[in-house]
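Trainee: sharing a model prediction with you, sequence too.
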Amino acid sequence: EPLWPILKRPVVAAFFAIELVLLFSHAPFYSFYSNYLHQAGFSTTEIGFLWSVGVVAEIIMFAFAHLFLTQFSWRSLVSVCLLLTGMRWVVVGLLPHIFMAQFLAQSIHAFSFGLFHMIAMRIIFQNFSAGQQGRGQAMYSTMWGLGVALGSILAGRYWQVISGEMVFILAGLSTVIGLLFVRWLPKHIQQS
């Protein structure tokens, strides 16, 4: 089955654009967060603990995402994911030496990845036919990789030029771009 008619649907195109922006903003985190915290004086144990906070937050969201998905529209939830993710990176950039700030920022991973991923699976399930599900998942993975790759290249290029703090702040501000696309997501609750 041809994929292009599905990708042209406003909800699908908008979602993949939002995903690209969101993952672009994650790039400094995936590429430099451990070194960033180490330079701020955190021990390897503290850094490992902070990474685990994000994983636990994500797992908790997977367990309870249905509570959000049955009460709020994709448009509302994706907007919250973008705004909280933006706030997360700004906090990481502005407060690199404060453990509790980093802890709270890591807990937002429940929304930055967990809830967003659950919405992605619903969008793919509802818009791609059974024979296209694999290709829908592949598109999701492709946008994920492309966003992180582009963001990592830019973060690496400017890390020493403008500082790690500023790279994280700019990553946070970049999530606002994703808000330009949420208008094409449904404003009413979408049941699976």
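Mentor: Arrived safely.

Trainee: show me the shaky parts of this structure.
Mentor: 191-192 (pLDDT under 70).

Trainee: one more time with 90, if that's ok
Mentor: Judged by pLDDT under 90, the chain has its weakly predicted residues at 1-3, 187-192.

Trainee: show me the contacts for residue 3.
Mentor: Shown in contact with residue 3 (Cβ atoms under 8 Å, 6 or more residues apart in numbering): 132, 135, 139. Where you see a C-beta, it was placed from the backbone N, CA and C, and this is true even at glycine.

Trainee: which SS class is the last one?
Mentor: Taking DSSP: H, G, I helix; E, B strand; the rest coil as the rule, one finds residue 139 in the helix state.

Trainee: could you check how far the residue lying closest to it once chain neighbours are set aside is from residue 42?
Mentor: Leaving aside its chain neighbours, residue 139 sits nearest to residue 16 (6.5 Å; criterion: Cβ to Cβ, 6 or more residues apart in numbering). Going from residue 16 to residue 42 by Cβ to Cβ, to the nearest Å gives 35 Å.

Trainee: and residue 99, by the same measure?
Mentor: From residue 99 over to residue 42 (counting by Cβ to Cβ), the distance is 7 Å.

Trainee: for residue 138, same thing?
Mentor: In terms of Cβ to Cβ, residue 138 sits 37 Å off from residue 42.

Trainee: more crowded one of the two?
Mentor: Using other Cβ atoms under 10 Å as the criterion, residue 138 and residue 42 rank with residue 42 on top: 19 against 12.

Trainee: so that one: helix, strand or coil?
Mentor: Assignment for residue 42 (three-state DSSP): coil.
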